[in-house]
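**Student:** Structure for this input, please:
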Amino acid sequence: MAKPVLLNNIDHKDLHVQTGRGAHFGDNVMSALTFPSEFRDVQACYPIVFRKGAGGGFEAHALFGFQEGENLFLGLHGWEAPYIPLAIERQPFLIGVNGSELTVHVDLDNPRVSASAGERVFLPHGGTSEYLEKVNSTLLALHQGLQQANGFLAALLELKLLESFVFDIELDDGSQYRLAGFYTINEECLSALPGEALERLNHAGYLQAIYMVIASMSNFRTLIERKNRVHAGQC
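**Tutor:** So this is what the prediction gives:
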């Protein structure tokens, strides 16, 4: 269970974070949250899909595997993709909101946290390390991106541009898998939108994001190839 606490240079003066990648660090996840301003980088590597979150609202996710606990981009040498989504990159840190102030928290139960191994969070005299500066930038970008995503998702729902899909695959060894519970862009509904609606989406910056989601679906081929390699024992 997560144990987030407010980060400070007194209680956490010796805090270190291991930045390697692997299942033992909790990277064996099927997907991660993403947002429109990150789509350009994400769509180059992963399918972008939508799913309902714990609160019932829709979220955009970068997809790493076909079942819970599966990340097909984890290999012998770490994370095998040129871009790692910020929702993964920020771990073990979280951002909190105290009125109008943003605060940084750290999950002390995260396996990345160490007293001596990895990147030092604070300098010996208490100053902010270069690593923590990078974390702060990552958290701010993630926070702002997820705020932006609310308007994007609301527009998709208003224009009825989301549709559920089922993705069935058969691997080279004959084993079969089904991906369900996710949503994608309804291209037929998108094509039927009147000019005014398209102009509104474009003005908000959402139209480009929509086409990036559509383009990202070609990355399912990469997932299938990686799944085949895992089954063939070539990972």
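
**Student:** How far does stretch 29-47 sit from its chain's centre?
**Tutor:** Its chain's C-alpha centre and that of stretch 29-47 lie 6 Å apart, by C-alpha atoms, centre = their mean, to the nearest Å.

**Student:** So for the helix-or-strand element of the chain with minimal mean pLDDT, what gets flagged as buried?
**Tutor:** Within the chain, no helix or strand scores below strand 93-98, which has a mean of 91 by mean pLDDT, DSSP states H and E. For strand 93-98, burial by neighbour count (16 or more other C-beta atoms under 10 Å) applies to Phe93, Leu94, Ile95. For the C-beta atoms, the positions are set from N, CA and C on the backbone; glycine is no exception.

**Student:** Which other helices and strands does that strand contact?
**Tutor:** In this structure, strand 93-98 makes packing contacts with strand 4-6, strand 101-107, helix 130-158, judged by 3 or more C-beta pairs under 8 Å, 6 or more residues apart in numbering; DSSP states H and E.

**Student:** These into JSON lines, with extra columns for mean neighbour count, mean pLDDT and distance to Pro85?
**Tutor:** Conversion of the helices and strands packed on strand 93-98 to JSON lines gives the following (neighbours: other C-beta atoms under 10 Å; pLDDT from 0 to 100; distance: least, C-beta to C-beta, whole Å):
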{"stretch": "strand 4-6", "mean neighbour count": "13", "mean pLDDT": "94", "distance to Pro85": "20"}
{"stretch": "strand 101-107", "mean neighbour count": "16", "mean pLDDT": "95", "distance to Pro85": "18"}
{"stretch": "helix 130-158", "mean neighbour count": "16", "mean pLDDT": "97", "distance to Pro85": "9"}
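
**Student:** wait, which of the buried residues of strand 93-98 is closest to Val135?
**Tutor:** Phe93 (5.3 Å; C-beta to C-beta).

**Student:** Hmm, Leu7 and that closest one touching each other?
**Tutor:** Yes - taking contacts as C-beta atoms under 8 Å, Phe93 lies within contact range of Leu7: 7.3 Å.

**Student:** what touches both of the two?
**Tutor:** The contact sets of Phe93 and Leu7 overlap at Val104, His105, Val106 (C-beta atoms under 8 Å, 6 or more residues apart in numbering).

**Student:** Can you lay out these as a markdown table showing distance to Trp79?
**Tutor:** A markdown table is the format used below for those (distance: C-beta to C-beta, whole Å):
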| residue | distance to Trp79 |
| --- | --- |
| Val104 | 23 |
| His105 | 24 |
| Val106 | 21 |
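
**Student:** those helices in this structure, which residues are they?
**Tutor:** Secondary structure of the chain by DSSP state H: the helices cover 39-42, 86-89, 130-158, 187-191, 195-204, 206-216, 220-231.

**Student:** other SSEs contacting the longest one?
**Tutor:** Helix 130-158 sits against strand 58-63, helix 86-89, strand 93-98, strand 101-107, helix 195-204, helix 206-216, with contacts defined as 3+ C-beta pairs under 8 Å, 6+ apart.

**Student:** Do me a favour and average the pLDDT over the fifth one.
**Tutor:** It stands for helix 195-204. For helix 195-204, mean pLDDT is 97.
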